[in-house]
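K.L.:
Could you look at this predicted model? Sequence included:
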Amino acid sequence: MDYSDLIQKLLTGNARAAARLITLVENDIEAAENIINAIYRHTGKAYILGITGPPGSGKSTFIATLTKIYAEQGKKIGIVCVDPTSPLTGGAILGDRIRMKDNFSLKNVFIRSMANRGQLGGLARATEDAVKILDAYGCDIIIVETVGVGQSEVDIFKSAQTVVVLLVPGLGDDIQAIKAGIMEITDIFVVNKMDLAGADKKITDITQMLELGMNYKYESEKVGENFPLKSNWTPEIVKINSISGENFGKFVELINKHRDYLSESDVLLDYQKNRIKNETLQILKHKITEKVEGLISSHPTIDEYIKLVMDKSLDPYSMANLIIKLLGIE
Amino acid sequence: MTELDESKTLKPTKNERRDKFDNLSGIEIKSLYTPEDVKNINYTTDLGAPGEYPFTRGAYPNMYRGRLWTMRQFAGFGTAAQTNQRYKFLLEHGTTGLSVAFSLHTIYGYEADDEKALGEVGKEGVSIDTLKDMETLFSDIDLSKISTSMTINAPAAILLAMYVVTAEKQGHSADKLRGTIQNDILKEYIAQKSWVFPPEPSMRLIIDTIEYCIKNIPQWYTVSISGYHIREAGSTAVQELAFTLADGFAYVEAAMERGLDVDDFAPRLSFFFNSHNNFFEEICKYRAARRIWAKRLKNKYKAKKKESMRLRFHTQTAGVSLSAQEPENNIARVTIQGLAAVLGGTQSLHTNSFDEALCLPTEKAAKIALRTQQIIANESGAADTVDPLAGSYYVEWLTNKMEEEAEIYFEKIEALGGVIPAIKANFFQKEIANASYKYQREVESKDRIIVGVNDFQLRESCATPLLKIDENIGKKQIEILQSVRDQRNNKQVLEKLENLKQAAKGTENLVPYIMSAVREYASIGEIMTILKEVFGEYREDSIF
Amino acid sequence: MTDNRKIKVLVCKPGLDGHDRGAKVLARALRDAGMEVIYTGLHQTPDMIVQTVLQEDPDAVMLSMLSGAHKALCPVIMDKLKENDIDDVLVSVGGIIPDEDKPFLEEHGLKGFYGPGTQLKTIVEFVKNNLKR
């Protein structure tokens, strides 16, 4: 299928083209390949923020306030909101958009809701691709918003330049609720609803947690895994009130501070390398998983292996090694 | 086994139509109720005489033997001139109270030419922008001789001000006026969704109106604490009962916090309930409501006057129970629902027209609805004695049961910190969303039969002549609005609006300021815009 | 190649009508049928709806209208969709739509009218079978 028409429109800032392309990359990895192939060299301009927090932390209002500030600065903003797919029905209610009901004008703010579709790795790939499309579309800032409880969400955030986690006083176990992997790559912790009792205690809780070394940024030796190296940045903590706007300026300053830090140090280079490694890994995971799943359900040899395992003449590990040989990967 | 022994067993008798008979609140109903079920009831403390604490048997001693309930049919559509005609028609045909339905743009505070009002003007209710429209609405109708109920919430203070000034121009002082404004913002967040401002400033406005009315419009009912909409949104009967009363308690507490004496304002609070299909459940709901309110007002809020403890209510038959298929069936439904309200002791009643699932009622359908009430009143005997079902084992058992279930909800709401925190935590909205989804599933699986809709369907379709709202109404209303703008003193309007804005920032009672603006023909849209600037707007969450 | 495609549906409340019980129940039913649903919330102007369609690229748009404003608002919505080159989205309307208004709405490109008493599964099947793409 020929996407050149859509892609041309995308590069001139046509919203419909952007939306259609995002649908295509969501639904079809082959289409995704062709599309990303064509637009990749037009990406790299946007600054990507990953924002997450447990339900009730006020993410949508927070993002709406931040978006207004950027819009007033004349920036073009893209927001990708990810909601969980119901494991029972395969469907999803994408409920973030309704919470950002302030009147954003068409030209400046593009909001897209996505379901995580329950697949390991699939979400990260599709979201990555959607982000690239919005990048090529012309967004200056792209915000990726999730609930932060899935592994695939950790993967998405590994490509964000700044990761923000929203917490709220009074929600006792919200720190635990956020998937461990995300805490480790957070750049800014925000305590929202600072007017509620317990805001300062929450800051103390986060500080203690950081001191316990749950954030690898302190420990630059713990590098080499597939997440971005972000040494020498001490995670910042700030309390704000998204509705009244209190202290919000301080938060925006911190984003700028982090952004400057990234561009001034060599960290950005390492970061980009790791980002590329990570992205490619996501795609590989997806493709290989598909290949293997296809294989296991159709290849006749597999049935023979299974019989051997049932007879106990083969164990699952050995069977896996045989399959790897079959695939031609060593 | 004797018959009496058999009735003592809890096991269902064989060969029943269903495994379980649940009412609409999910309460399981037995095959037979006996003296066992009511043995702990004390007549004096639990029932009492009608008109006496705890008012279970009725709000007044002789109820309909003294005076029939008010037959108050909700009406409103098109321009004020058109609705004025409908009111005259209803008055000629025996309606004893007027009830105003407003157009959506009025309800939300948008002028007829606002972008948001596109397509809505004159639909769903009468279009009111300025005092001029109110004057037209009641032209040739003597406001000192009727009572008027206005179904309006966020801008209630404005509409009340317009009514008072209209009456003044007819030569009547405010103390002669009788009527109600719905003015119940809490249920808007829960169910009807016609909010504008956030909860706290909305409550302030409501207490302002209560305070103003106690002093200046003493016969006026200041809040019609509503369960109707909560039920229409999908709640069960028990939820309707509990959430409505919880809202009522919240208003009492807010007014007391303002420093008002409970015995000064409580007598001017009234209620508005739904009357749905399950005949007995509805009757028991009303009786339980009276008893719960009386007990709380006396024991918790230390009311001394009987009038403070007396729960009086208006009922409307359930809109949501009307079918679009075979609409004449709705006449039977409405009759049953109306009868339940009467046997439950309602003070006023609106019966729906049979064509309302299709559109606003035609004249013919509106007449039948009114006649239904007249037949119940004059031909059925239901109005000839007070609380005739009292003493029924089933009815007394179910009244108690509903009270118990309501108390469980009160505890939950209190645990959340009260009604407003519960609203912010989406407690009510979740309960209602779940109940309505469950109900729909039951209907689709034919667990619940709706005659003519999911069972007993006819193959043929019936052609029902419908009321059409002229699409040009919008243009007409905009012309009227524009001519008001041209003829009024715009300098005065701006001045009064500015005064209102300053007062809104403080803590003064806003009603006098609103009245000054209204006198100068400021529009509802203009006044609401000023208030929005100070109070902000409420943002809904999406709860499924 | 596994087909990852899901049906994406927008459930909207155009105009000032606040009756959202049906819209919400429908949204839930569509989700239970495996679709991805965006509920826009109340008080959507035609511009807001079209902007959402532009960005979210749904396969179907279900309008819920009970205030009688359908004859005024639906044509405006359809016109704006056309202006934006959106012609492959199924647009249906539910709520209170008198029979005599249906031909008018059909002329403007709407398909499918689901009023009171309609079974949820009927609507779900209709969406599945009437997508334009």
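P.N.:
Structure received.
K.L.:
residues contacting the residue nearest to the spatial centre of chain B?
P.N.:
Chain B has B:Phe272 as the residue nearest its centroid, 3.6 Å off, counting by CA atoms, centre = their mean. Neighbour list for B:Phe272: B:182, B:184, B:224-228, B:313-316 [criterion: CB atoms under 8 Å, 6 or more residues apart in numbering or on different chains]. For glycine as for every other residue, the C-beta is placed from the backbone atoms N, C-alpha and C.
K.L.:
For the stretch 201-330 of chain A, which residue gets nearest to chain B?
P.N.:
A:Ile243 (8.9 Å; CB to the nearest CB).
K.L.:
How many neighbouring residues does the residue of chain A at minimum distance from chain B have?
P.N.:
As assessed by CB to the nearest CB, chain B sits closest to A:Ile98 within chain A, at 4.3 Å. Summarising burial for A:Ile98: neighbours were counted as other CB atoms under 10 Å in any protein chain shown, giving 19.
K.L.:
Return the distance of it relative to chain C.
P.N.:
Relative to chain C, A:Ile98 is positioned 4 Å away (CB to the nearest CB, to the nearest Å).
K.L.:
so what's that residue up against?
P.N.:
A:Ile98 touches B:540-542, C:38-41, counting by CB under 8 Å, 6+ apart.
K.L.:
For the stretch 101-250 of chain A, just list every one of the strands.
P.N.:
Taking DSSP state E, counting those that start in this stretch, the strands of the stretch 101-250 of chain A run over residues A:109-115, A:141-146, A:162-167, A:188-191, A:236-239.
K.L.:
hmm, back to that, can you tell me which of the contacts of A:Ile98 are up against chain A?
P.N.:
B:540-542, C:38-41 (CB under 8 Å from any CB of the partner chain).
K.L.:
Show the buried residues in those residues.
P.N.:
Buried members of the ones next to chain A among the contacts of A:Ile98, scored by 16 or more other CB atoms under 10 Å in any protein chain shown, are B:540, B:542, C:38-41.
K.L.:
Identify the farthest-apart pair in these.
P.N.:
B:Glu540 and C:Ile38 (15.0 Å; CB to CB).
K.L.:
What's the mean pLDDT across the helix or strand containing B:Ser270?
P.N.:
According to DSSP states H and E, B:Ser270 maps onto strand B:269-275. Mean per-residue pLDDT for strand B:269-275: 96.
K.L.:
list the helices and strands whichever helix or strand comes after that strand packs on?
P.N.:
Where DSSP H and E defines the elements, the next helix or strand beyond strand B:269-275 is helix B:279-299. Packing partners of helix B:279-299 (3 or more CB pairs under 8 Å, 6 or more residues apart in numbering or on different chains; DSSP states H and E): helix B:237-258, strand B:269-275, helix B:306-309, strand B:313-317, helix B:329-343, helix B:393-415.
K.L.:
how about the ones you listed in JSON lines, adding distance to B:Ile530?
P.N.:
Below are the helices and strands packed on helix B:279-299 laid out as JSON lines (distance: least, CB to CB, whole Å):
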{"stretch": "helix B:237-258", "distance to B:Ile530": "23"}
{"stretch": "strand B:269-275", "distance to B:Ile530": "28"}
{"stretch": "helix B:306-309", "distance to B:Ile530": "35"}
{"stretch": "strand B:313-317", "distance to B:Ile530": "32"}
{"stretch": "helix B:329-343", "distance to B:Ile530": "40"}
{"stretch": "helix B:393-415", "distance to B:Ile530": "33"}
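K.L.:
Return the most buried member of the ones you listed.
P.N.:
strand B:313-317 (a mean of 28; mean count of other CB atoms under 10 Å in any protein chain shown).
K.L.:
ok, it: who's next to it in the sheet?
P.N.:
strand B:269-275 (parallel), strand B:348-350 (parallel) (DSSP bridges).
K.L.:
got JSON lines for the ones you listed, with distance to B:Pro361 too?
P.N.:
What follows is the strands paired with strand B:313-317, written out as JSON lines (distance: least, CB to CB, whole Å):
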{"stretch": "strand B:269-275", "distance to B:Pro361": "17"}
{"stretch": "strand B:348-350", "distance to B:Pro361": "11"}
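K.L.:
Which among those strands is found nearest to B:Phe138?
P.N.:
strand B:348-350 (19.1 Å).
K.L.:
same question for that closest one, mean pLDDT?
P.N.:
Computed over strand B:348-350, the average pLDDT equals 92.
K.L.:
ok, residues contacting that strand?
P.N.:
B:69-74, B:97, B:99, B:149, B:314-317, B:338, B:341-342, B:373.
K.L.:
ok, now with 10 Å
P.N.:
Residues outside strand B:348-350 that contact it (CB atoms under 10 Å, 6 or more residues apart in numbering or on different chains) are B:68-75, B:95-97, B:99, B:147, B:149, B:180, B:228, B:270, B:272, B:275, B:312-317, B:319, B:334, B:337-338, B:341-342, B:369-370, B:372-373, B:376-377.
K.L.:
Can you classify the closest residue in space to B:Gly66 that isn't next to it in sequence by secondary structure?
P.N.:
Spatial nearest neighbour of B:Gly66, chain neighbours left out: B:Tyr60 (7.0 Å); criterion: CB to CB, 6 or more residues apart in numbering or on different chains. Recorded secondary structure, B:Tyr60: coil (DSSP: H, G, I helix; E, B strand; the rest coil).
K.L.:
For B:Tyr60, grab the count of nearby residues.
P.N.:
So B:Tyr60, with other CB under 10 Å, has 18 neighbours.
K.L.:
Quick one, grab the pLDDT at it.
P.N.:
Taking B:Tyr60 on its own, its pLDDT is 95.
K.L.:
isn't it right up against B:Thr346?
P.N.:
No: using CB atoms under 10 Å, B:Tyr60 makes no contact with B:Thr346, being 11.7 Å away.
K.L.:
Give the intersection of the neighbour lists for those two.
P.N.:
Residues touching both B:Tyr60 and B:Thr346 (CB under 10 Å, 6+ apart): B:Arg312.
K.L.:
Out of the helices and strands packed on helix B:279-299, which is closest to A:Lys201?
P.N.:
Minimum separation from A:Lys201 across the helices and strands packed on helix B:279-299 (CB to CB) falls at helix B:393-415, 22.5 Å.
K.L.:
can you give me the mean pLDDT across that closest one?
P.N.:
pLDDT averaged over helix B:393-415 gives 96.
K.L.:
Test my guess that C:Asp101 contacts C:Pro75.
P.N.:
No: here C:Asp101 lies out of contact with C:Pro75, judged by CB under 10 Å, at a distance of 11.5 Å.
K.L.:
Quick one: work out the angle between the host helix or strand of A:Ile51 and strand A:162-167.
P.N.:
Secondary structure from DSSP H and E places A:Ile51 in strand A:47-52. If you take axes from the mean of the first three to the mean of the last three CA atoms, to 10 degrees, strand A:47-52 sits at 20 degrees to strand A:162-167.
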